[in-house]
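1. Model the following, please.
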Amino acid sequence: MSADSAPRAHHSDPAPDITPVVVRLKLSLLRNGLKQSAGRRAAYIGSAVAVLLFTALLLIALIALRGHAHAASLVVLLAVVLAAGWAVMPLFFPGGDETLDPTRLVMLPLRPRPLVRALLAASLVGIGPLFTVCVLAGSVVSVAHGPVAYVVGVVGVVLALLMCVALARTVAVANVRLLTSRKGRDLAVLSGLVVAVGAQVVNFGVQRLGTSGLAQLDGPADVLKWVPPASAIGAADSASEGSYGTAVLQLALTALALAALIALWTRHLTRLMTAPDGSTLQAADIRSGERKSAGLSRLLPPGRTGTVMERSLRYVWRDPKTKAAWVTSLAIGLIVPVFNALQGTGSLYFACFAAGMLGVQMYNQFGQDTSAFWLVAMTISSTRDAYVELRARALALLVITLPYAVLVTVLTTALLDDWPKLPEVLGLSFALLGAMLATGAWTSARFPYSIPQEGYKNVAPGQSGLAFMAILGGMVSAALLCAPVIAGTIWLNVSDGGDQWSWLLLPVGAVYGAAITVGGLRLAAPRTARQLPEILLAVSKG
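-> Residues are numbered from 1 along each chain as shown. All right, here's what the predicted structure looks like:
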């Protein structure tokens, strides 16, 4: 028999397992990131220690809940919060895990299924998975009673952990184009706001639980214990009560949800690894942008005023630092009065906090221009030009702040059901907003400072004292400028029959705020026109 006629054996070597390689890659990225600088290493170690301490305290608290009548309701809600945290983590902290962006592996000959297994294993490396495991384990210990319940609990912890990391991976792959774009960087800048708002929500929830007890969690928990991954933790409680069929069904729900997530993740990953990159496609029609710009221009005043207003509003929408500052002010200005009103400890005058927070945006108006301020300086040749420039920036700010301050005041009034005081609080808000605009215009010309475009710092090195002096001094001055309106409010509230005249504070506050704004702009305009080179030098250091 010749060699040619011999049967040919077709051997297909199995694809090598890339899981160890990707896990080692994750560890190398962590190690090399710590070597970049001592500051980054110290920040990582400090955050790791803080997370570990918090994890230990939370684990002890969960174990201490063992035997509590409402422990199952609490741990079910805690599992839902954990899953929500894993879901939003890639959107607001895309730089937290370098392996979240699979497009870096697009040029390698990798198949989706082995890559999914490898990335899932790599997701289990880090502080986040350790924290999750400890919380889930503590939850199981708090509700499990008996050997069967512990076995079910161990399976539930594994399923819940895998579902959390798979959820994070699916969200990251589905939004990878967003996370690598300018909008993604905007989301990263806003991550601090998410933490701040989340902390307020948690604080509010803890206070409600402290006053009403854990019993009020039973209703939501009865529904959420069937929602993965909370159903995996609820299975341990069901097994403890002898409902083994219910426990198996809850585990099966989590397993099905995990399988669906992995399938969706694989589908998105396949499409991402095979689809053309957006940079190779035809750009959007430029005429569409021109039409949008023309539409915005038609709504604004003509001349320099409209042009400056449009530029300022575009800064709010497009510049990450400006957007972060605005969203933070809008959120905190709403959270403080509304949350205090919901807790029953608030005052209607807390609504003025919104006007104060938004008025701060008038401070350091030229800092957001950075070195491009020279284009603005070239158009200012007189005090009149400087006045129109500052007036237009104040009007752009009022487009957002004025209706928002009214909305927050009305909402707080509705929650407290104190409608007779609405006019005087609105008048106070308008007067405070006018004072903030006036002092903001003056400090913008007197104490300008640079805002770095990169990183999270809002003040250039060496200018922190200048920024602190400008903001603190301006806020104190604004409070002093509002003294007449504040004194009138106090007098009407303490005098006999003053309540029937309190409505006058609304027009008085509005007129006073407008007058003091014009006065502050006219006071700041000459200094702005005289010190254009000094302002340009100060705002160009970032």
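2. When you work out contacts or count neighbours from here on, use the C-alpha atoms and nothing else.
-> OK.
3. residues contacting residue 27?
-> Under the criterion of CA atoms under 8 Å, 6 or more residues apart in numbering, the contact list for residue 27 reads residue 125.
4. And it, which helix or strand is it part of?
-> Here residue 27, judged by DSSP states H and E, is contained in helix 19-34.
5. which of the residues in that helix are buried?
-> Applying a neighbour-count criterion of 16 or more other CA atoms under 10 Å, one finds 19, 22, 23, 26, 30, 34 buried in helix 19-34.
6. any idea how far the first one lies from residue 161?
-> Per CA to CA, to the nearest Å, residue 19 is found 18 Å from residue 161.
7. domains in this structure, as residue ranges please.
-> The chain is divided into the following domains under automatic domain parsing: 19-274, 299-539.
8. which one of the buried residues of helix 19-34 sits closest to residue 274?
-> Of all the buried residues of helix 19-34, residue 22 has the smallest distance to residue 274: 20.3 Å, by CA to CA.
9. Look at the residue lying closest to the closest one once chain neighbours are set aside and say how many residues are nearby.
-> Distances taken as CA to CA, 6 or more residues apart in numbering place residue 118 nearest to residue 22, at 5.9 Å, with adjacent residues excluded. By other CA atoms under 10 Å, the residues close to residue 118 number 18.
10. May I have the host helix or strand of residue 118 as CSV, with CA atoms only?
-> When secondary structure is defined using DSSP H and E, the element that contains residue 118 is helix 112-123. Coordinates of the C-alpha atoms in helix 112-123 are reproduced here as CSV (Å, rounded to 0.1, in the frame of the first residue of the first chain):
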residue,chain,number,x,y,z
PRO,A,112,-15.4,34.1,22.2
ARG,A,113,-16.1,31.1,24.5
PRO,A,114,-12.5,30.7,25.7
LEU,A,115,-12.2,34.4,26.1
VAL,A,116,-15.4,34.6,28.1
ARG,A,117,-14.1,32.0,30.5
ALA,A,118,-10.8,33.7,30.8
LEU,A,119,-12.3,37.2,31.4
LEU,A,120,-14.7,35.7,33.9
ALA,A,121,-11.9,34.1,35.9
ALA,A,122,-9.9,37.4,35.7
SER,A,123,-12.9,39.3,37.1
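11. to the chain's geometric centre, what's the distance from it?
-> Distance, stretch centre to chain centre, for helix 112-123: 29 Å (CA atoms, centre = their mean, to the nearest Å).
12. and whatever helix or strand comes next after it, how far from the chain's centre?
-> Going down the chain from helix 112-123, the next helix or strand is helix 127-143, by DSSP H and E. Relative to the mean C-alpha coordinate of its chain, helix 127-143 is positioned 25 Å out (CA atoms, centre = their mean).
13. Please apply the same query to stretch 260-273.
-> Here the centre of stretch 260-273 is set off from its chain's centre by 27 Å, with CA atoms, centre = their mean.
14. quick check: mean pLDDT across it?
-> Per-residue pLDDT values across stretch 260-273 average out to 84.
15. if we can go back for a sec, these two touch, right, the residue nearest to residue 22 and residue 18?
-> Yes: with contacts counted by CA atoms under 8 Å, residue 118 reaches residue 18, the gap being 6.2 Å.
16. Give me the pLDDT for residue 391.
-> Here the pLDDT value assigned to residue 391 is 93.
17. Can you give me the neighbour number for it?
-> When neighbours are counted by other CA under 10 Å, residue 391 registers 23.
18. for this protein, what helix or strand is lowest in average pLDDT?
-> The least trusted helix or strand in the chain, going by mean pLDDT, DSSP states H and E, turns out to be helix 286-298, with a mean of 51.
19. Can you name the next helix or strand after that one?
-> From helix 286-298 onward toward the C-terminus, using DSSP H and E, the following helix or strand is helix 303-318.
20. relative orientation of the following helix or strand past that following helix and helix 303-318 in degrees?
-> Once the chain leaves helix 303-318, the next helix or strand it forms, by DSSP H and E, is helix 320-342. When axes from the mean of the first three to the mean of the last three CA atoms, to 10 degrees is applied, the directions of helix 320-342 and helix 303-318 differ by 70 degrees.
21. which strands and helices sit next to helix 320-342?
-> Contact here means 3 or more CA pairs under 8 Å, 6 or more residues apart in numbering; DSSP states H and E; on that basis helix 320-342 packs against helix 182-189, helix 191-212, helix 303-318, helix 352-359, helix 383-416.
22. Please spell out which residues along it are buried.
-> Residues 320-326, 328-341 are the ones in helix 320-342 that count as buried (16+ other CA under 10 Å).
23. Same question for stretch 391-406.
-> 391-398, 401-402, 404-406.
24. do stretch 249-263 as well
-> So for stretch 249-263, counting by 16+ other CA under 10 Å, buried means 250, 251, 252, 253, 254, 255, 257, 258, 261, 262.
25. I figured the fifth one hits residue 160, correct?
-> If I follow you right, that is residue 254. Yes: in this structure, residue 254 is within contact of residue 160 by CA under 8 Å, at 7.2 Å.
26. what touches both of these two?
-> Overlap between the neighbourhoods of residue 254 and residue 160 consists of 228, 229, 232, taking contacts as CA under 8 Å, 6+ apart.
27. Distance-wise, check the second one relative to residue 253.
-> The span separating residue 229 from residue 253 equals 8 Å under the rule CA to CA.
28. before we move on, what about residue 140?
-> For residue 140, the distance to residue 253 equals 18 Å [CA to CA].
29. now the stretch 401-542 of the chain, which segments are flagged as low pLDDT?
-> Within the stretch 401-542 of the chain, the segments meeting pLDDT under 70 span 453-458, 460-462, 464-466, 498, 542.
30. wait, isn't residue 350 in contact with residue 339?
-> No: counting by CA under 8 Å, residue 350 sits too far from residue 339 to count as a contact (10.3 Å).
31. How about residue 422: what's its closest non-neighbour residue?
-> The spatial neighbour of residue 422 that comes closest, neighbours along the chain excluded (CA to CA, 6+ apart), is residue 413 at 6.6 Å.
32. residues contacting the one you found?
-> By CA under 8 Å, 6+ apart, the residues touching residue 413 are 348, 419, 422.
33. pLDDT of stretch 233-251, averaged?
-> Averaging pLDDT along stretch 233-251 gives 91.
34. what residues does it touch?
-> With CA under 8 Å, 6+ apart as the criterion, stretch 233-251 contacts 72, 75-76, 79, 136, 139-140, 143-146, 148-150, 152-153, 155-157, 159-160, 225-226, 231-232.
35. do that again at 6 Å, thanks
-> Residues outside stretch 233-251 that contact it (CA atoms under 6 Å, 6 or more residues apart in numbering) are 143, 144, 145, 149, 152, 153, 156, 225, 231, 232.
36. quick one on the thing from earlier: just send the buried residues of stretch 249-263 back as a markdown table, with secondary structure too.
-> As requested, the buried residues of stretch 249-263 are exported to a markdown table (DSSP: H, G, I helix; E, B strand; the rest coil):
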| residue | secondary structure |
| --- | --- |
| 250 | helix |
| 251 | helix |
| 252 | helix |
| 253 | helix |
| 254 | helix |
| 255 | helix |
| 257 | helix |
| 258 | helix |
| 261 | helix |
| 262 | helix |
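37. These: which two are farthest apart?
-> Of all pairs in these, the most separated under CA to CA is 250 and 262 at 18.6 Å.
38. distance of residue 324 from residue 66?
-> Applying CA to CA to residue 324 and residue 66 gives a distance of 42 Å.
39. ok, and the nearest residue to residue 410 once chain neighbours are set aside, which helix or strand is that part of?
-> Leaving out its chain neighbours, the residue that sits closest to residue 410 by CA to CA, 6+ apart is residue 422, at 7.2 Å. When secondary structure is defined by DSSP H and E, residue 422 falls within helix 422-446.
40. Which strands and helices lie in contact with that helix?
-> The contact analysis (3 or more CA pairs under 6 Å, 6 or more residues apart in numbering; DSSP states H and E) places helix 422-446 against helix 352-359, helix 464-481, helix 505-530.
41. which element follows the shortest one toward the C-terminus?
-> Pointing back at helix 352-359 there. Moving toward the C-terminus from helix 352-359, the first helix or strand encountered (DSSP H and E) is helix 373-377.
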